[in-house]
Each structure stands twice: as structure tokens, then as C-alpha cells.
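Trainee: Pasting the sequence and the predicted model now:
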Amino acid sequence: MADSVETQLQLAGGNDALLLRRWRGAGDPVLYVHGATFPSALSFGYRFSGRSWADDLHARGFDVWGFDFLGFGGSTRPQPMHASAAEGAPFGRAREAAAQIEAVVDHISRERGGARVHVVAHSWGTIAAGLFAGNHAAAVGRLVLFGPVVRRRLERLPSPEGIGAWREVSIADQLKRFVEDVPPSHPPVLIEPDLAEWGPAYLATDVDAIQRSPPAVRIPSGPQADIIAAWSGQLAYDPRRVSAPTLIVRGEWDNLCRYDDAAWLIGALGSRETADVVVPRATHLMHLERGREALFAATADWLTASSS
């Protein structure tokens, strides 16, 4: 099974760089866009029993790519992330993230002779990917939105601008979030229910994590601000501008992307080709769960349709 090759992509206009991972293949290029709290190596590239989602797509012939947004994993942690207090505007909002996706897609397209790039995005990453896809239709082949965060109209949410530039997330915080949507009577669905290996690997993505009490990874607050804004009625992109063939894939127990959320997004998209796949007994984190094979298959089938 091929390992990824890591490179640093320097961003224009400054000293920041994105960590890129590539599982080189001869088929269509596919880019994974991670979510709000952990980078590509801990999601798309994380192996259980020696196999990851990236490995699955690579084995099917795709040229597979992933990257970390600024402030995550192996990418630069800009100055706002180093301040002793999380004061200031949330760092890493959708507009900044979409510009980073654009830089990565431009790089992939140059590497692949101008080819369109399929995009697979998870959770908050679907907001940034939707904004990018709406503004750069010619660059995107097919689109997979895994557990997308969409517009809701909730009241009494905090102001998106008032939550600080960054926040810190512990292993316990992650585990609580990972299991909260599983029915109490149902056995655990996480492949690693106690995060015994994933948890330390998560802390290792931030060299300062172990010095905090409890140990925790510092991440940008921009994704959380975008989710608050979306649930207050202000989604950061207009789905009508997204024309790429789009698949929504979500877990039966995903409380961040419910049936009415998916129905709203399907109806709002500008694409003429859409689908909504629901994976039974799975949550918002099904790429780390026992139901992940259904996620892998649905994604691959959708992307493969581009060549049929």
C-alpha cells in the first residue's frame, strides 16, 4: 500500500505554507478538504488495520491529495495562533479557507496538465469547498459533501465574531463529540472506542499540546464561527452557484446534517446532478467508524461516474 508524499506549498504574499499530501495515481485527481477540528492525516489519511480512506481511493486508481488548512497539522500556524490570549476576530474563516483551497487546486491542476479536480469535503470543510466551487466552477470536476453544514435559522446563538481567534480541544473533548449522537442503547461504532492511538496522534499535531492542562490542540476558531453564522441564517456561500455534480453523503445519526438539512441543500444547489446517500448506524464521524466502508463506496461510485 503506497504511502503519501508530503510537500510544502508556499502561499503567495507571505511566509505561510500549506502541508500537502499526495498518494500518486494515474486516474482523476481527488482533493480531500478536512473539517473544523483535525487535519487530513487524522481523518482522510488515518489508517485502521493498515488502511485509510485515501488508501481506498488510491487503490481504485485515483490520484489522491489532501492538505491541512493554516493553523492545522503540518501547515503554518500564523501569528494569531501564538498569542497568549484568544482575543481578536476568529482566524480561518471560510473566505480565507476557500483561498487556500484555490491555491491547492491550482497546484494540482498544474501538476496534472490542467485537469479538473474532484473535491471531497467534510463538515465545516464543505462550507469552504462550496464557496470555492461556486467561484471556480471550471476547476471542479465532481463534488462530494460528507456531513455538510448548511443554513439553519436558530435563535440566541453567540455572535460569530465574539468567540476569539482560536480555541483548544482535548482528547476528552473530541471523544465526547464523537460519541454523542450514537443512541445510548447501541454498541460503540467508533473503530477505536477509547481513541487510545488516535488521541495521542491528535495531540502530536501541535508541538505545544502536551504542555497544556489538560493536553489540548490549539485550532483556529474561524470554522466554529462559520458554523454559528450558518445556523444563524448566514451560510458563507450561495449553493445556487455550485454547478458541479454533487453528492451528499451522511450518517443516519448525524445531528449536524439531518434530513431537513440535506433536503434544503439538495433543493438549493445549482447542480443538475445531485444525490443524497444515508449510511445506516453512522454519525458525523463515520470515516472513523465501522460504517466507513459504505462511505468509501458511495464516494468512489460518485467520482467514478465522471468517466462512465
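Mentor: Received the coordinates, thanks. Residues are numbered from 1 along each chain as shown.
Trainee: Strands along the stretch 201-308 of the chain, start to end?
Mentor: Along the stretch 201-308 of the chain, the segments classed as strands by DSSP state E, counting those that start in this stretch run 216-220, 246-251, 274-279.
Trainee: Let me know which of those is tucked in deepest.
Mentor: Ranked by mean neighbour count, the strands of the stretch 201-308 of the chain are led by strand 246-251 with a mean of 26 (mean count of other Cβ atoms under 10 Å). All C-beta spots, glycine's among them, are computed from the backbone N, C-alpha and C.
Trainee: Report the backbone C-alpha coordinates of the longest helix anywhere in the chain in CSV.
Mentor: In the chain, assigned by DSSP state H, the helix with the most residues is helix 94-111. What follows is helix 94-111, C-alpha atoms only, in CSV (Å, rounded to 0.1, in the frame of the first residue of the first chain):
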residue,chain,number,x,y,z
ALA,A,94,-14.5,30.4,5.0
ARG,A,95,-13.2,33.1,2.7
GLU,A,96,-9.6,32.5,3.9
ALA,A,97,-10.1,28.8,3.7
ALA,A,98,-11.5,28.9,0.2
ALA,A,99,-8.4,30.9,-1.0
GLN,A,100,-6.2,28.1,0.4
ILE,A,101,-8.3,25.5,-1.5
GLU,A,102,-7.8,27.6,-4.6
ALA,A,103,-4.0,27.6,-4.2
VAL,A,104,-4.0,23.8,-3.7
VAL,A,105,-6.3,23.1,-6.7
ASP,A,106,-4.2,25.4,-8.9
HIS,A,107,-1.1,23.4,-7.9
ILE,A,108,-2.8,20.1,-8.6
SER,A,109,-4.1,21.3,-11.9
ARG,A,110,-0.6,22.4,-13.0
GLU,A,111,0.8,19.0,-11.9
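Trainee: any idea of the mean pLDDT for that helix?
Mentor: Helix 94-111 shows a mean pLDDT of 98 in the predicted model.
Trainee: again, but for stretch 266-281
Mentor: Stretch 266-281 shows a mean pLDDT of 98.
Trainee: Just checking the distance from that stretch to the centre of its chain.
Mentor: 17 Å (Cα atoms, centre = their mean, to the nearest Å).
Trainee: ok, and what's touching that stretch?
Mentor: 134, 143, 186, 189, 239-253, 262-263, 286, 290-291, 294-295, 298, 302 (Cβ atoms under 8 Å, 6 or more residues apart in numbering).
Trainee: What's the end-to-end length of it?
Mentor: When the termini of stretch 266-281 are compared using Cα to Cα, to the nearest Å, they are 22 Å apart.
Trainee: Tell me which of the strands of the stretch 201-308 of the chain sits nearest to Ser123.
Mentor: Nearest to Ser123 among the strands of the stretch 201-308 of the chain is strand 246-251; the distance by Cβ to Cβ comes to 10.3 Å.
Trainee: for the closest one, packing partners?
Mentor: strand 140-146, helix 259-268, strand 274-279, helix 292-304 (3 or more Cβ pairs under 8 Å, 6 or more residues apart in numbering; DSSP states H and E).
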